[in-house]
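>>> Mind folding the following:
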Amino acid sequence: MSTSHAESTRRAHKAVTTIAIEDMSNSLKGLLGPKLMAYTVGASERTCDRWIAGANTPNLDAERRLRCAYQIFELLKPVDSSAVIRAWFMGMNPQLDDLSPAEAIRGDQLRESILAARAFATGG
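Numbers count the residues shown, from 1 in each chain. This next block holds a predicted model:
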């Protein structure tokens, strides 16, 4: 792993472990849009809005998916635009057996999704 790639991975990990649920949810809603965010984390749009407002917190499984999606966003942010990252979340991915990353995250293939994002970030 190159130094810059290793640094990006560390930075993304730190970002996902230090951000509040409300801020993380709001950032993902802005990046992915409300429907794709809700689909990715396996919750309703209304539930996601409650997380943003701080009126509710995600259950453990939804929080793991939320953190995975946000970590991927942080990993890809230095290398691509928000539009490209959103398209990456929606597109079929050969490293995920042609599932989209959104589908893979929703299906709890979190590790595989992170690995696919790292490959994408390095041009693979």
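
>>> Any figure for the gap between the most centrally placed residue in the chain and residue 4?
A centroid search over the chain (Cα atoms, centre = their mean) returns residue 69, at 1.3 Å, as the residue closest to the centre. Separation of residue 69 from residue 4 (Cβ to Cβ, to the nearest Å) stands at 23 Å. All C-beta atoms are positioned from the backbone trio N, CA, C, and that covers glycine.

>>> ok, and for stretch 36-54, which residues are buried?
Neighbour counts over stretch 36-54 (16 or more other Cβ atoms under 10 Å) mark 36-43, 47-52 as buried.

>>> Please, which helix or strand holds the nearest residue to residue 122 once chain neighbours are set aside?
Leaving aside its chain neighbours, residue 122 sits nearest to residue 5 (5.8 Å; criterion: Cβ to Cβ, 6 or more residues apart in numbering). Per DSSP states H and E, residue 5 falls inside helix 3-18.

>>> And that helix, how far out from the chain middle?
Here helix 3-18 is found 14 Å from its chain centre; the criterion is Cα atoms, centre = their mean, to the nearest Å.

>>> How about stretch 17-24?
13 Å.

>>> okay, how far is it across that stretch, tip to tip?
Stretch 17-24 has its terminal residues 10 Å apart, counting by Cα to Cα, to the nearest Å.

>>> Only the buried residues of it, if you could.
19, 21, 24.
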